[in-house]
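Just need the structure, nothing else, for what follows:
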Amino acid sequence: MTISEKGRFGSAEKNIETARTPEEAIIIITEEECRIALKRLRVIFAETFPNPHEVSVVPILRSGLRLARDLTDPIGLKLNPMRMTYYREDTSRLPSPICLTPPDMSRILTHEGKTKPVIFTECVVESQGTVLAAIKEINDRINIINTQEDGKFDYPEYHTFAYVTKTGDHPVLIPNLVAGFAVHQDVWVGGLGCDLPGDKGRDLAYLVGILSPFATEIPSQPYYLPMPTFCE
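Numbers count the residues shown, from 1 in each chain. Prediction:
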């Protein structure tokens, strides 16, 4: 049995204390609840961007690709992905994320001298560091373009859509963060594009969780709350 097989995980009622490894992960949010959240995120996306072809949707690879497709496939919107990482080639962790693959700036800056809004997609937003570093990367590239081409491009208006926020009580530093669910900070989440340790669970159509090894206490149920609104 593999981690992606349906029925591999325990029920949502099972206590997270028993889930310490990807093989022991339990269902945190069911497939039906995830479908409902996606419908709500699509409504917010459509209401916020009535002209979606005038924005640049930037999935942060790999975990943000599934939500980007889930949001845009019904309207046939071409994506503009970028890749960020916290890790060096030797797998040691960096103090802050770096950009491995930048987005296509020609799909953010127009020939008419305008800057399109940028919509990042992520499965899970927790430390916010990846999105904030992605914003800096794009802004720095605009600075270079403005210097080299005597341009006057403004920075984009930034938005972030995520299936899950784990920001908890920390200040939300990301502009215009929209999330489907708020999950307890001490629960590690997999599914819907996000992986558990060992790159497991990424392809699941629902969200599973394990107890963070850094947890100082056992979270109490419920481990999540629906949150299909702007996080301010």
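
outside of stretch 149-156, which residues touch it?
With contact meaning C-beta atoms under 8 Å, 6 or more residues apart in numbering, stretch 149-156 is reached by 56, 108-109, 113-118, 138-139, 142, 145-146. Using the backbone N, CA and C atoms, a C-beta is placed for each residue, glycine as well.

Relative to Ala46, how far out is Ile218?
Going from Ile218 to Ala46 by C-beta to C-beta, to the nearest Å gives 40 Å.

More neighbours: which of the two?
Shown here are Ile218 and Ala46; by other C-beta atoms under 10 Å, Ala46 has more neighbours (13 against 10).

hmm, who's touching the helix or strand encompassing the more buried one?
In the assignment (DSSP states H and E), Ala46 maps to helix 31-48. Contact with helix 31-48 is made by 29, 52, 67, 70-71, 74, 119, 159, 161, 163, 178, 180-181, 191-192, 205-207, 226, 228-229, as judged by C-beta under 8 Å, 6+ apart.

Can you flag which of the contacts of stretch 149-156 belong to helices?
Secondary structure from DSSP state H places Ile138, Asn139, Ile142, Ile145, Asn146 of the contacts of stretch 149-156 in helices.

Nearest residue to the third one in space, please, no chain neighbours.
Leaving aside its chain neighbours, Ile142 sits nearest to Phe153 (5.2 Å; criterion: C-beta to C-beta, 6 or more residues apart in numbering).

again, but for the last one
Distances taken as C-beta to C-beta, 6+ apart place Phe153 nearest to Asn146, at 5.8 Å, with adjacent residues excluded.

which residues in this structure form strands?
Counting by DSSP state E, the chain has these strands, from start to end: 26-29, 56-61, 82-87, 93-101, 118-125, 158-165, 177-183, 187-190, 207-211, 224-231.

would a markdown table of those with mean neighbour count and distance to Glu17 be doable?
Formatted as a markdown table, the strands of the chain follow (neighbours: other C-beta atoms under 10 Å; distance: least, C-beta to C-beta, whole Å):
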| stretch | mean neighbour count | distance to Glu17 |
| --- | --- | --- |
| strand 26-29 | 24 | 10 |
| strand 56-61 | 25 | 31 |
| strand 82-87 | 16 | 28 |
| strand 93-101 | 12 | 27 |
| strand 118-125 | 26 | 21 |
| strand 158-165 | 26 | 20 |
| strand 177-183 | 24 | 16 |
| strand 187-190 | 26 | 11 |
| strand 207-211 | 27 | 6 |
| strand 224-231 | 15 | 16 |
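
Distance to Arg40 and mean pLDDT added to those strands, as a markdown table?
As requested, the strands of the chain are exported to a markdown table (distance: least, C-beta to C-beta, whole Å; pLDDT from 0 to 100):
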| stretch | distance to Arg40 | mean pLDDT |
| --- | --- | --- |
| strand 26-29 | 13 | 95 |
| strand 56-61 | 18 | 96 |
| strand 82-87 | 26 | 86 |
| strand 93-101 | 29 | 85 |
| strand 118-125 | 15 | 96 |
| strand 158-165 | 11 | 97 |
| strand 177-183 | 7 | 95 |
| strand 187-190 | 18 | 96 |
| strand 207-211 | 15 | 96 |
| strand 224-231 | 4 | 70 |
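
With distance to Ala134 as extra columns, can I get the ones you listed in CSV?
Listed next are those as CSV, based on distance: least, C-beta to C-beta, whole Å:
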stretch, distance to Ala134
strand 26-29, 26
strand 56-61, 6
strand 82-87, 6
strand 93-101, 7
strand 118-125, 6
strand 158-165, 9
strand 177-183, 13
strand 187-190, 20
strand 207-211, 23
strand 224-231, 17
